[in-house]
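Participant: this one's structure only:
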């Protein structure tokens, strides 16, 4: 009889966090999960918890205070029946001494790092993260450049595997929206994301050309320039167990914009997958990843310049049937190619533990055909 896998998952377990969704995906794959948060619980209205001044100062100096005792949790997990895999998300607070202890006492226990962020950039990593990289058996990243020899491998990563973003089937799916939802959350054109100057310029350009735009996200309190057609909410819109507010905002918006974050060297983002998974219409910046993940003009629509963005916004606002067909095709792509958290986790477990890790080898689209891009350091 195949023994049930046991995984220690140390991640952000807030209700709105991706780590919580991945831990749930492991459970759905039949894995026994020991879930521990490395981030303070709270901040559902903002999408992030409140941090103390000491915490913020330490982070600026390259240190991540272990406020939730993640290092102790990892050490304690080894005292009884140890897990079959240690899964650490980002792990900027995990000390090298802790990882060394794991490898010394349990040398055959795989330890994995996963991050949605660009961990080669200084503002995302800490000194502890860099010093501990060499202890990980595999580092999963959603940033393709991180696998280049001069990036994470140069910092000490022994094996780097690229995996695409995902949607959470429990949150990101079509929902019925009424007039109240359209008034409270939706509009003709919407964008959900953090402020960046280039994004603000593009949105202002649309507004100046007669397009009504609604913006949700952090950092927009002082956008610099305003316009009657540009509605800045100045706050995040997030999902909770009680209210799928983020999902409703997508479904209540006729055109959902997908800007890449230049600071993080994005080729696609969380919303690149989540918007189509909700059967929302995605109009995103054209990129190598976007055209690989979705068939252009059939499953999503892309743009490269402000003028192209404006032209396509005008076209699809005026063509409801065509827009709805593309949105529905985008959702089908997410399902048929299994862009779900469960599909991604199945792929990553197989990469680390082998194809028989879950008792049966991953087959079909869930095996990760569109996102199976691997790289190991030389």
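Facilitator: Ah, there it is. Everything numeric in this text was worked out from a predicted model, so none of it was measured.
Participant: for the rest of this, base every contact and every neighbour count on C-alpha atoms.
Facilitator: Fine.
Participant: distance from the chain centre to the helix or strand hosting residue 10, please.
Facilitator: Assigned by DSSP states H and E, residue 10 belongs to strand 6-11. Chain-centre distance of strand 6-11: 18 Å, with CA atoms, centre = their mean, to the nearest Å.
Participant: residues in contact with that strand?
Facilitator: By CA atoms under 8 Å, 6 or more residues apart in numbering, the residues outside strand 6-11 that reach it are 19-20, 23, 31-39, 70, 74, 77, 83-91.
Participant: and the residue nearest to the spatial centre of the chain, how far is that from residue 229?
Facilitator: Taking CA atoms, centre = their mean, the centroid of the chain lies closest to residue 270, which sits 4.4 Å from it. Residue 270 sits 26 Å away from residue 229, going by CA to CA, to the nearest Å.
Participant: likewise residue 320?
Facilitator: Counting by CA to CA, the gap from residue 320 to residue 229 is 21 Å.
Participant: quick one: which of the two has more around it?
Facilitator: Between residue 320 and residue 229, counting by other CA atoms under 10 Å, residue 229 is the more crowded of the two (17 against 11).
Participant: now do the residue nearest to residue 111 when sequence neighbours are not counted, the pLDDT please.
Facilitator: Of all residues not flanking residue 111 in the chain, residue 86 sits nearest, at 4.7 Å (CA to CA, 6 or more residues apart in numbering). Here, the pLDDT recorded for residue 86 equals 98.
Participant: contacting residues for residue 86?
Facilitator: Contacts for residue 86 (CA under 8 Å, 6+ apart) come out as 7, 8, 9, 10, 109, 110, 111, 112.
Participant: in the stretch 51-200 of the chain, which spans are helices?
Facilitator: 53-60, 70-77, 96-105, 127-132, 152-155, 179-184, 197-208 (DSSP state H, counting those that start in this stretch).
Participant: flag every buried residue along the next helix or strand after the strand holding residue 10.
Facilitator: Where DSSP H and E defines the elements, the next helix or strand beyond strand 6-11 is helix 18-28. Using 16 or more other CA atoms under 10 Å as the test for burial, helix 18-28 gives 18, 19, 20, 21, 22, 23, 24, 25, 26, 27.
Participant: nearest to residue 202 among those residues?
Facilitator: residue 18 (28.0 Å; CA to CA).
Participant: what distance do you get for the nearest residue to that closest one once chain neighbours are set aside to residue 25?
Facilitator: In this structure, residue 18 finds its nearest non-sequential neighbour in residue 12, 7.4 Å apart by CA to CA, 6+ apart. Applying CA to CA, the value for residue 12 to residue 25 is 14 Å.
Participant: cool, and residue 311?
Facilitator: 40 Å.
Participant: swap in residue 180?
Facilitator: According to CA to CA, residue 180 and residue 25 sit 32 Å apart.
Participant: one more: residue 155?
Facilitator: Residue 155 sits 30 Å away from residue 25, going by CA to CA.
Participant: same deal with residue 69?
Facilitator: Residue 69 sits 24 Å away from residue 25, going by CA to CA.
Participant: correct me if wrong: residue 40 contacts residue 55.
Facilitator: No - look at residue 40 against residue 55 with CA atoms under 8 Å: they stay out of range, at 11.5 Å.
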